[in-house]
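Q: Turn this into a structure:
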Amino acid sequence: MRHYSHVVIVGAGASGMLCGGILAEAGMPVTILEKNSVPGKKLAATGNGRCNYTNLRMDTGCYYGDTEWLRKLLAVYPPEKIIHQFQKIGVYHRERDGYVYPYTNQASTVTDALLHYCKCGMAEIVTDCKVSAVRAVNGQTGYVVSTAQGEIRCRDLVLAAGGSASSELGGSGIGYKLARSLGHTIHRTYPALTGLVCGGNWWKRVAGTRVQGRFSLRINGKDISGECGEIQIVKDGVSGIPVFQLCREAAAALDRGQLVEGIIDFVPPMEKEELCQWLSSYGVSGLVQKKWVPVLQGFPESWRTLKEFIFPVHKTFGMERAQVTMGGVPTEEVSVDTMESKAAGHVYLIGELLDIDGKCGGYNLHFAWSSAMAAAEAIQQGWKGDNNAADISV
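A: Numbering: from 1, shown residues only. I've put the predicted structure just below:
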């Protein structure tokens, strides 16, 4: 590992590799530090290995957090710009209902392209390299990064370490520790895009079934807007995209000690009258999978049970099974134009580390790419405009 690099990026995930590749292409010395044995481990598993990397239906309504702050970033980096950037490095795309995937339908196409992009420039990727601390260089411009493989100095520091989600794929929360040491605050974090552990003695009996219905939440008696789609039933609760979209609401409410209930509507297209006529003629058969028939027949008022199958929610599947993290560094502490920290100069925070999270559909990766591009362009401009950017090495 180098003793000095103009730019050090902590994290060789989605945002870190793209930022590193852009800077390396511009001829800047870049070192990317990755605690895993391979870069892009989480990215390679994204979208069940297919990597939905942006969405043509881009809107701030698909995100949580400071959407006014985010609106400015999305205006500069729309989906078309992301698609063009990846096509430039060898990722051709396909699109389905606005969802954009690599043409190969393999996430490895994206990770391999990013790795090649970094290595073709001056980027050094150091794996098995855990970062433990960062500190400013006394009396000079720059930072010292302490790692398991020694110290490295840099002028510009990019924190792209991600959140706490998916610990098996590298999520550790170290980015929050580093950001806090540089003067940032951290909004409380919760699991997002994961399933829910629920009460009820029927889950094991119906595990493995899939319900094409509507999932919604009720918090302290108040209904929260629901999501339609395929609800996956597991041995201890519910999963699937409709559940993923709402689990952040459940996580925060449970943390506040509120009563959280899940509701499944098995037949969203049917109103009460039509449903009652069907039930009087055929019963629940033909409306639900066979495993559900004896469960639902055990409840009174079959029509109401089909429209509002209510159960208590105890907890989420946890950070280890979450796809992204809700919470993190407040966006007001970061310049939206450059991703530069307002607490520490020449420090840039990108990707999941920030308190922005999106729904399923390529939105979280789009934010990773756009924040990475903003930071890379700002660092390049600073490098070109500073005649004294050469060396602070020992």
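
Q: going forward, measure contacts between C-alpha atoms and count neighbours the same way
A: Will do.

Q: For the residue positioned nearest the centre of the chain, list the residues it contacts.
A: The chain has residue 324 as the residue nearest its centroid, 3.6 Å off, counting by Cα atoms, centre = their mean. Applying Cα atoms under 8 Å, 6 or more residues apart in numbering, we find residue 324 in contact with 163, 164, 165, 166, 191, 192, 193, 352, 357, 364.

Q: Mind checking which of those residues land in strands?
A: 191, 192, 357 (DSSP state E).

Q: residue contacts, the last one?
A: Neighbouring residues of residue 357 by Cα under 8 Å, 6+ apart: 63, 64, 65, 324, 325, 326, 327, 364.

Q: where's residue 34 relative to residue 174, distance?
A: Per Cα to Cα, to the nearest Å, residue 34 is found 12 Å from residue 174.

Q: Could you measure from the residue nearest to the centre of the chain over to residue 358?
A: Residue 324 sits 9 Å away from residue 358 when distances are taken as Cα to Cα.

Q: what do the two both touch?
A: Common neighbours of residue 324 and residue 358 (criterion: Cα under 8 Å, 6+ apart): residue 364.

Q: the helices in the chain, which residues?
A: Using DSSP state H, the helices assigned to the chain run over residues 14-25, 41-44, 46-49, 67-76, 79-88, 107-120, 174-181, 203-206, 241-255, 272-282, 292-297, 302-307, 363-384.

Q: Show me which of residue 34 and residue 174 is the more surrounded one.
A: residue 34 (25 against 20; other Cα atoms under 10 Å).

Q: ok, the more buried one to residue 358 distance?
A: Distance of residue 34 to residue 358, computed by Cα to Cα: 24 Å.

Q: and what of residue 121?
A: 31 Å.

Q: for residue 44, same thing?
A: In terms of Cα to Cα, residue 44 sits 19 Å off from residue 358.

Q: One more: residue 177?
A: Distance from residue 177 to residue 358, by Cα to Cα: 23 Å.

Q: Among those two, which residue is more densely surrounded?
A: Neighbour totals were compared for residue 177 and residue 358, and residue 358 leads with 24 against 15 (other Cα under 10 Å).

Q: what's across from that one in the sheet?
A: Taking DSSP bridges, one finds residue 63 as the beta-bridge partners of residue 358.

Q: which residues touch it?
A: With contacts defined as Cα under 8 Å, 6+ apart, residue 358 is in contact with 62, 63, 64, 364.

Q: which of those lies closest to residue 226?
A: Nearest to residue 226, judged by Cα to Cα, of the contacts of residue 358 is residue 62 at 14.1 Å.

Q: Residue 13 touches residue 35, doesn't it?
A: No: under the criterion of Cα atoms under 8 Å, residue 13 is not in contact with residue 35, lying 10.4 Å apart.

Q: Looking at these two, which is more packed in?
A: More crowded of residue 13 and residue 35, by other Cα under 10 Å: residue 13, with 27 against 21.

Q: Residue 40 versus that one, what's the distance?
A: Using Cα to Cα, we find residue 13 at a distance of 5 Å from residue 40.

Q: can you pull the contacts of the closest residue to residue 368 other than its chain neighbours?
A: Taking Cα to Cα, 6 or more residues apart in numbering, and ignoring the residues beside it in sequence, residue 368 has residue 351 as its nearest neighbour in space, at 4.2 Å. Applying Cα under 8 Å, 6+ apart to residue 351 gives the contacts 14, 15, 160, 162, 367, 368, 369, 371, 372.

Q: Which of those ranks first by neighbour count?
A: residue 15 (32 neighbours).

Q: which residues touch it?
A: 160, 350, 351, 368, 369, 371, 372.

Q: separation between it and residue 76?
A: 17 Å.

Q: rewinding a little: out of the helices of the chain, the one nearest residue 233 is which?
A: Once the helices of the chain are compared by Cα to Cα, helix 203-206 is nearest, at 6.9 Å.

Q: quick check: longest strand of the chain.
A: Criterion DSSP E: the longest strand present in the chain is strand 222-234.

Q: That strand: partners in the sheet, and parallel or antiparallel?
A: Strand pairing for strand 222-234, determined by DSSP bridges: strand 210-219 (antiparallel), strand 237-239 (antiparallel).
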